[in-house]
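*Asks:* Quick one, fold the following:
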Amino acid sequence: MAQRYIDLDTLKYLLYDVHDLKGLLSYERFEDHDIASLNLFLDSVKEFSDRELFPYFREMDENPAYHKDGTVMVHKQVEVMMKKGGEMGLIAAPFDYEVGGLQIPLIVQTASTYIQDAANNHMPGYAGLTLGAAELIVHFGNEELNKAYVPKMLSGDWGGTMCLTEPQAGSSLSDITTKATPTEDGYYKISGQKIFISGGDNQFAENIVHLVLARIEGAPSGTKGISLFVVPKNRPNEDGTLVKNDVMTVADFQKMGQRGYCTTHLGFGDTDNCRGWLVGEPHSGLKYMFLMMNGARIGVGRGAAAIAMAAYMASLEYANERPQGRKLTSTGKKNPDEDQSLIIEHPDVRRMLLLQKSIVEGSLSLVLLAAKYYDIKQSTQDKGEKQKYDLLLEMIIPIVKTFPSEAGAEAVNNGLQVLGGYGYCSDFILQQYYRDIRISAIYEGTTGIQSQDLLGRKVPLENGKALALLSEEIMKTITAALKHEELASQASKLGDKLKLTQQVLGYLVPFAKKGDHERYLADANLFMEFLSIILVSWLWLDIAVNAKERLGGKETSYSKEFYESKIHTMKFYFKYELPKTMGLAETLMDGDPLTIKTETEVFI
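*Replies:* Model prediction:
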């Protein structure tokens, strides 16, 4: 594949200039790093991705993971991803020095994994879930668990997963039934089943460390009775040898996309010999798991944004090479004697490409912003600053997961359309990106779940303080944009949308206050779309302000055309996407609750 899968200049521009990586490095936690060394790190990741990930992207789709004799058989490059990735520090990068990490900012780790995802979205999840599982053990596990598992996980020798979903419960974690029975020897006997476990097994892993949600016998019902356990596929002995731990790989789900990234059905304790070790305090499992889930939700948004980027690069390349048709003359007719035009010259194709570009780069900026908020929250010693960025991160997490997933799929769909009939054919890569990105809206909580989290939990968080803080950040950009005549119109429009947001909430919130929560949340998915468009418009205006300042400065890292393309794309997003909020607002404030079940059945 000769295709370019990532715009590295844009990634670095957003990372270094727009989101000010240098400013983050002033925190004590990151003082050992500088821009030059981190740039070398990203370049090495790009080289690794060029060599070990991208060339196998189509091959992994054509030869999916499959279940055989109690093991999942995956592509040989999964072993390379884990072992060489471990050697490069791709798993350990954000961890503290004390546990073998590099203390690299999460925003850089996110940029690093974005490159890998764009190259081959079937592979980084194996390392990413291992990172997340190790993070839970580091944060909440005792010293014994840390010594037994974390070093091997950070090196890539052992994998890691999180096991939440069960066949009878789905996304309703209050209904999980996996059981943990205490013993006098300090461990628990685990019994139950988990499904949809990403990276749950492979023939190259010496061990897989599962982080399992289960109920201790006698625990309270609902989510308050859930505990978290380390349940390895193989138990390590004191001498380093491994013993099977009665964890069975029942099956591997065959999927529409991401076929090289295995998704397993696991059984625990079929022979009553599965041992698990409690992480932290009993009945606190869901609280602990949310640390990993928030990181995983950033990861899903990042992965979707990266797939959309790779699809945009492929469709842009095609549009620059494919001749078809001729441009209209001043008479409204075409001259058949002229050479064919490249399709990138046609306005409709340019519209689709600009839609891709605006969603792709807006999504990337959104994901990097979330990682930046996390870095500040984790690194600052100022309590007020820590609280501020914790609230900002909580506020945007559902959008970070959802917008790149939903809008990213729309972007890939437009890319497929750019290719016309070829986009639908397996000879071209767009159809694979289209299949791969579709899972993103389901991973780590569906769009419906994220939307209810946004409107039901995050908007009211601390009496609306989180939303107020986000509005303040948006107003800062609006104020900066108003100083530039070229950006004043868009700044004014964005200000109007903040007022519209208050109008929408002014209509919806009274339903919640009087206890009609079903009505309040009935169209939460529309509110998600509404606020997402406003948030991404803000990020595009912020990019445009930065580009204008760079154009007016003496020293620039990129060409004049580079910065002007950012401003142009911002204008496109404001013209074609931001107006959609008017229709969404109208629906949100419509008084007819058509989706709420009544005594009259409509599905007949």
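*Asks:* And for Lys224, the neighbour number?
*Replies:* Lys224 has 13 neighbouring residues, counting by other CB atoms under 10 Å. Where you see a C-beta, it was placed from the backbone N, CA and C, and this is true even at glycine.
*Asks:* Could you pull up the residues touching the nearest residue to it once chain neighbours are set aside?
*Replies:* Of all residues not flanking Lys224 in the chain, His283 sits nearest, at 6.1 Å (CB to CB, 6 or more residues apart in numbering). By CB atoms under 8 Å, 6 or more residues apart in numbering, the contact set of His283 is 216, 219-220, 224-227.
*Asks:* buried residues in stretch 191-205?
*Replies:* For stretch 191-205, the neighbour count (16 or more other CB atoms under 10 Å) marks 191-202, 204-205 as buried.
*Asks:* from those residues, which two are the most distant?
*Replies:* Across the buried residues of stretch 191-205, no pair lies farther apart than Ser191 and Phe204, at 27.7 Å, counting by CB to CB.
*Asks:* Mind picking out the helix or strand in the protein with the poorest mean pLDDT?
*Replies:* Counting by mean pLDDT, DSSP states H and E, the chain has its least confident helix or strand at helix 285-321, which shows a mean of 92.
*Asks:* And the helices in the stretch 351-500 of the chain, which stretches?
*Replies:* 383-418, 430-437, 447-453, 461-481, 488-513 (DSSP state H, counting those that start in this stretch).
*Asks:* need those in TSV with distance to Asp69, can you?
*Replies:* Converted to TSV, the helices of the stretch 351-500 of the chain look like this (distance: least, CB to CB, whole Å):
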stretch	distance to Asp69
helix 383-418	35
helix 430-437	28
helix 447-453	36
helix 461-481	49
helix 488-513	53
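*Asks:* and of those helices, who's closest to Asp592?
*Replies:* helix 488-513 (13.2 Å).
*Asks:* What helices and strands are in contact with the next helix or strand after the closest one?
*Replies:* Per DSSP states H and E, helix 488-513 leads on to helix 517-521 as the next helix or strand towards the C-terminus. Here helix 517-521 touches helix 488-513, going by 3 or more CB pairs under 8 Å, 6 or more residues apart in numbering; DSSP states H and E.
*Asks:* low-confidence ranges in the stretch 101-250 of the chain?
*Replies:* 170-172 (pLDDT under 70).
*Asks:* Now do the end-to-end distance for stretch 408-427.
*Replies:* End-to-end distance of stretch 408-427 (CA to CA, to the nearest Å): 22 Å.
*Asks:* again, but for stretch 236-251
*Replies:* Stretch 236-251 has an end-to-end distance of 25 Å (criterion: CA to CA).
*Asks:* Tell me which residues are up against that stretch.
*Replies:* 67, 70-72, 148-149, 193, 200-201, 206-208, 210, 231-235, 264-275.
*Asks:* Am I right that the residue nearest to Lys224 falls within a helix?
*Replies:* No. Applying DSSP: H, G, I helix; E, B strand; the rest coil, one finds His283 to be coil, outside a helix.
*Asks:* Pull up the gap between it and Gly225, please.
*Replies:* Using CB to CB, to the nearest Å, His283 is found at 6 Å from Gly225.
*Asks:* Overlap of the contact sets of those two?
*Replies:* Common neighbours of His283 and Gly225 are listed as 216, 219 (criterion: CB under 8 Å, 6+ apart).
*Asks:* mind listing what the residue lying closest to Thr263 once chain neighbours are set aside touches?
*Replies:* Leaving aside its sequence neighbours, Thr263 sits nearest to Phe253 (CB to CB, 6+ apart; 4.4 Å). Applying CB under 8 Å, 6+ apart to Phe253 gives the contacts 195-196, 263-265.
*Asks:* Those residues in strands, which ones?
*Replies:* Counting by DSSP state E, the contacts of Phe253 place 195-196, 263-265 in strands.
*Asks:* which one of those residues sits closest to Leu508?
*Replies:* Phe196 (32.3 Å).
*Asks:* can I assume Val243 sits in a helix?
*Replies:* No. Counting by three-state DSSP, Val243 is located in no helix; its state is strand.
*Asks:* one step back: any chance of the buried residues of stretch 191-205 in JSON lines, with distance to Glu561 and secondary structure too?
*Replies:* Formatted as JSON lines, these follow (distance: CB to CB, whole Å; DSSP: H, G, I helix; E, B strand; the rest coil):
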{"residue": "Ser191", "distance to Glu561": "62", "secondary structure": "strand"}
{"residue": "Gly192", "distance to Glu561": "58", "secondary structure": "strand"}
{"residue": "Gln193", "distance to Glu561": "56", "secondary structure": "strand"}
{"residue": "Lys194", "distance to Glu561": "51", "secondary structure": "strand"}
{"residue": "Ile195", "distance to Glu561": "50", "secondary structure": "strand"}
{"residue": "Phe196", "distance to Glu561": "45", "secondary structure": "strand"}
{"residue": "Ile197", "distance to Glu561": "47", "secondary structure": "strand"}
{"residue": "Ser198", "distance to Glu561": "41", "secondary structure": "strand"}
{"residue": "Gly199", "distance to Glu561": "42", "secondary structure": "coil"}
{"residue": "Gly200", "distance to Glu561": "47", "secondary structure": "coil"}
{"residue": "Asp201", "distance to Glu561": "49", "secondary structure": "coil"}
{"residue": "Asn202", "distance to Glu561": "45", "secondary structure": "coil"}
{"residue": "Phe204", "distance to Glu561": "45", "secondary structure": "coil"}
{"residue": "Ala205", "distance to Glu561": "47", "secondary structure": "coil"}
